[in-house]
Structure formats: structure tokens, C-alpha cells
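Enquirer: Quick one, what's the 3D model for this:
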Amino acid sequence: MSLGTTRFSILDRSRTREGEGHPRALRDTVEFARQAEALGYHRFWVSEHHGVPGVAGPAPTVLAAAVAAATSRIRVGTGGVMLPNHQPLVVAEQFGVLESLYPGRIDMGLGRSVGFTGGVRRALGHDRKDADDFEAQLAELLGYFSGDQSAHPGVHAWPAEGLRVPAFVLATGAGADIAAASGLPLVIAAVRSRARMVEAIERYRAGFRPGPWGREPYVIVSGTVAIADTREEAWRMLVPEAWSHAYSKVHGEFPPLVPAERILAMDLDERERRHFDEALRGHVHGTEDDVAEALEDLLERTGADEFLVHTSTHDRAARLESHRRLARLAGLTGASYQRVVSAAS
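Expert: Okay, the predicted model is just below:
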């Protein structure tokens, strides 16, 4: 495989920026989806976060509906719906509605994470041990689409029953094994420990069980990609999100994104500096040549079928230009755009 034959998609976390509220962040996500479609990206996914300052989007299926309504070709989905937070019946019904309204364009990305804090988990009516039930919840959810009523005899998830909505498992911990056992595609983060990521992918492929939801393994590697004229400019694109992450580790909340210049002028304490430096590591960034080389290496190591890019920064124009450059590297624009659209059908 090569970059020119690998699918590229986008995950947007609806990050807020200084001086702007959550409504602006959500509208920005919808506009970003329009831009992604014009550039030829394969999918556009949104995320689920509850009670996290600086991150909008607690209702991913609602936001996915807005994205699907504003676009016409790109696949739309979630990265992901956190199944421990929801009843599988309700999730099946929501995706059944989405697929009915936008047939052939909806993806159902599913994760195992629970609430950001203990207070949020209590408000949702769940705790950390609910993540241990993910495999059973997943089986129940898929059953509502296939008509299997074994979990709750006589219960139908209209209009989901009989529809085909591709499902994906976001890998955290045992997620790779659950994806393999369920015969589902795997979405795995390009973590700093590449050896651990590769080991999980190899375990997934070795344990994959073909079934009604997938005949062969399918691996999506997710990560941050930043492209600019120079390595320094690309690195500065990473600074706002890295600082937000570091601040959350020290102070317990994600602040809105602020310009890199202000962050680099701050006098960070020892804990903040440690988390900030750590958050800047492991991302793919640099010039187009730098990024092409890094992605080819990642592709060789993982054999990924698809890359899912999630890049947050304060400067919207810089983010869009980075995605334009990545689309060009991947051959998504011009004649290649039509090729990718055809492959998605």
C-alpha cells in the first residue's frame, strides 16, 4: 500500500477557542465538514464529551445529523459514541434514524470510555466498571440491526432493524481483542509507543473472526498531522492543543485554544512544563516532505487501511491549509477525488 491508495478521513472534536462559546465550535465543525468533503476526504467523524470545558459536542449523533445535512457525499459518523454512557437500544434507534435519512453515508464508531470526572459519571448514571460491559453492550447493539432479540425478547429497534450501518471499535485496552472477536474494523491511536500500537494491531489481525459485519480485518490508525511551510510553523500548530492538554492534567479542565505565541511566552511551572512537553511528542508534523516520509513509515509499520486525522489548533486557516496539503499528498484532489468517492459507495 502507499499514501496514494490509502484512505484519509477526519475526526473533529469541536474545540472551543478563546472568546468563542460552544455554539461557535459546533457551527465550525459543520463548516469544517463541508471543507473536508470538498478536499476529498473519505469520512468526517465527530466525538462525544460530557462536561468538558473547552470541548463541545456531547451529543454526537445530533451533530452527525447536522454534518450529514450540510454535506452530500462524504461519509459521516462518530469517533465515537461511548457505549457505556448509553442504552444500546437508544443508540441503535439513533443510528437507524441517521441511516434512514442519509442512506449509505453513516458510520457507527463506538468507544469504551466513560465520563471525564466522577461527577460527570454520576450525572450520566454510570461509573468506570460499566466499561467492562462493553462487549455485551456491543453484541446487543448489533443485534438490534440484525433482528436478534436475545438480549430483550420482543424488543425491536425501529427503524434500525434490517439496516446496514458499518460499525467500528475504538481501541482502548482490550478494544483490539473485542473488535477482532466481533469481526469489526479497528480504530487505534498512533500512540507514542509505536511498538505497543503495532502489537495490538497484529493481535487484532491474528484474532479476527469473519462474520456478518466484516469479512476481513480493517485497520484505521488515528493521529495528529500538521503540515506547514517549515517544521517550526508546523510545530507551532501543535502548541495550543498541547497546552490545553497539559493544563487539564494540572488543573482538571480543558481551556479554550489560545494562540501559540501567548503560550510560548508563558512561565510554566515544573508540572505544566512536563505535561506540555509530553503532549508535543509523537505527532506527525513538518513540511510536506517530512509528513510524507513519516506517514509512509507509519503505513509500513501498521499496514493501515486508512488514516483518521484529528488536528486541533487555534488558527483555523492554518488547520485548513494543513488539510489541503495532506489531501494533495494523499492524491485526494482533482481526478483522485472522484476515485475516492466511487470507492466509498
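
Enquirer: Report the contact partners of Ala294.
Expert: Neighbouring residues of Ala294 by C-beta atoms under 8 Å, 6 or more residues apart in numbering: Val284, Gly286. (C-beta placed from N, C-alpha, C; glycine too.)

Enquirer: Which strand or helix spans it?
Expert: In this structure, Ala294 is located in helix 288-302 according to DSSP states H and E.

Enquirer: quick check: mean pLDDT across that helix?
Expert: The pLDDT scores in helix 288-302 average 96.

Enquirer: Can you name the next helix or strand after that helix?
Expert: Proceeding C-terminally, helix 288-302 gives way to strand 306-309 as the next helix or strand, assigned by DSSP H and E.

Enquirer: Give the pairing partners of that next one; include direction for each.
Expert: Based on DSSP bridges, the pairing partners of strand 306-309 within the sheet are strand 7-12 (parallel), strand 219-223 (parallel).

Enquirer: List just the one of those that sits closest to Thr61.
Expert: Ranking the strands paired with strand 306-309 by their distance to Thr61 (criterion: C-beta to C-beta) puts strand 7-12 first, at 14.9 Å.

Enquirer: so where's this protein shaky on pLDDT?
Expert: Regions of the chain meeting the criterion pLDDT under 70 cover residues 1, 51, 115-121, 126-131, 173, 191-192, 333-345.

Enquirer: Tell me which stretches of it form helices.
Expert: Counting by DSSP state H, one finds helices in the chain at the ranges 22-39, 60-70, 88-101, 118-124, 134-146, 175-182, 194-207, 231-251, 260-264, 270-279, 288-302, 316-329, 335-344.

Enquirer: among those helices, which is nearest Val169?
Expert: helix 175-182 (3.8 Å).

Enquirer: Flag every buried residue along the helix holding Ala294.
Expert: By neighbour count with 16 or more other C-beta atoms under 10 Å, helix 288-302 contains the buried residues Glu288, Asp290, Val291, Ala292, Ala294, Leu295, Leu298, Leu299, Thr302.

Enquirer: do the same with stretch 182-198
Expert: With burial defined by 16+ other C-beta under 10 Å, the residues of stretch 182-198 counted as buried are Ser182, Gly183, Leu184, Pro185, Leu186, Val187, Ile188, Ala189, Ala190, Met197.

Enquirer: CA atoms only for it - export them in PDB, please.
Expert: Included here for stretch 182-198 are C-alpha records, laid out as PDB according to Å, rounded to 0.1, in the frame of the first residue of the first chain:
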ATOM      1  CA  SER A 182     -16.800  -9.200  16.800                       C
ATOM      2  CA  GLY A 183     -15.400  -9.100  13.300                       C
ATOM      3  CA  LEU A 184     -15.400  -5.300  13.200                       C
ATOM      4  CA  PRO A 185     -12.900  -2.700  11.900                       C
ATOM      5  CA  LEU A 186     -10.400  -1.400  14.500                       C
ATOM      6  CA  VAL A 187      -9.700   2.300  15.100                       C
ATOM      7  CA  ILE A 188      -6.400   2.700  17.000                       C
ATOM      8  CA  ALA A 189      -4.500   5.800  18.100                       C
ATOM      9  CA  ALA A 190      -0.900   6.300  16.800                       C
ATOM     10  CA  VAL A 191       0.400   6.300  20.400                       C
ATOM     11  CA  ARG A 192       3.900   7.400  21.300                       C
ATOM     12  CA  SER A 193       4.700   3.700  22.000                       C
ATOM     13  CA  ARG A 194       4.600   2.600  18.300                       C
ATOM     14  CA  ALA A 195       5.600  -0.900  19.400                       C
ATOM     15  CA  ARG A 196       2.600  -1.200  21.600                       C
ATOM     16  CA  MET A 197       0.300   0.000  18.800                       C
ATOM     17  CA  VAL A 198       1.800  -2.400  16.300                       C
END
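
Enquirer: Check which residues of stretch 99-119 are buried.
Expert: Burial within stretch 99-119, assessed by neighbour count using 16+ other C-beta under 10 Å, is assigned to 99, 102, 105-116.

Enquirer: And stretch 88-95, by the same measure?
Expert: Of all the residues in stretch 88-95, those buried under the rule 16+ other C-beta under 10 Å are Pro88, Leu89, Val91, Ala92, Glu93, Gln94, Phe95.

Enquirer: Give me the distance between the third one and Ile220.
Expert: Distance, Val91 to Ile220, by C-beta to C-beta, to the nearest Å: 20 Å.

Enquirer: And the spatially closest residue to Ala228 that is not a sequence neighbour, how far from Ala242?
Expert: Nearest residue to Ala228 in three dimensions, chain neighbours excluded: Ala234, at 4.1 Å (C-beta to C-beta, 6 or more residues apart in numbering). Plainly put, Ala234 is 13 Å away from Ala242 if you go by C-beta to C-beta.

Enquirer: count of neighbours near the nearest residue to Thr230 once chain neighbours are set aside?
Expert: Nearest residue to Thr230 in three dimensions, chain neighbours excluded: Thr287, at 6.6 Å (C-beta to C-beta, 6+ apart). A count of nearby residues for Thr287, using other C-beta atoms under 10 Å, gives 16.

Enquirer: need the contact list for Thr287.
Expert: Taking C-beta under 8 Å, 6+ apart as the definition of contact, the neighbours of Thr287 are Ile227, Ala228, Asp229, Thr230, Arg231, Ala234.
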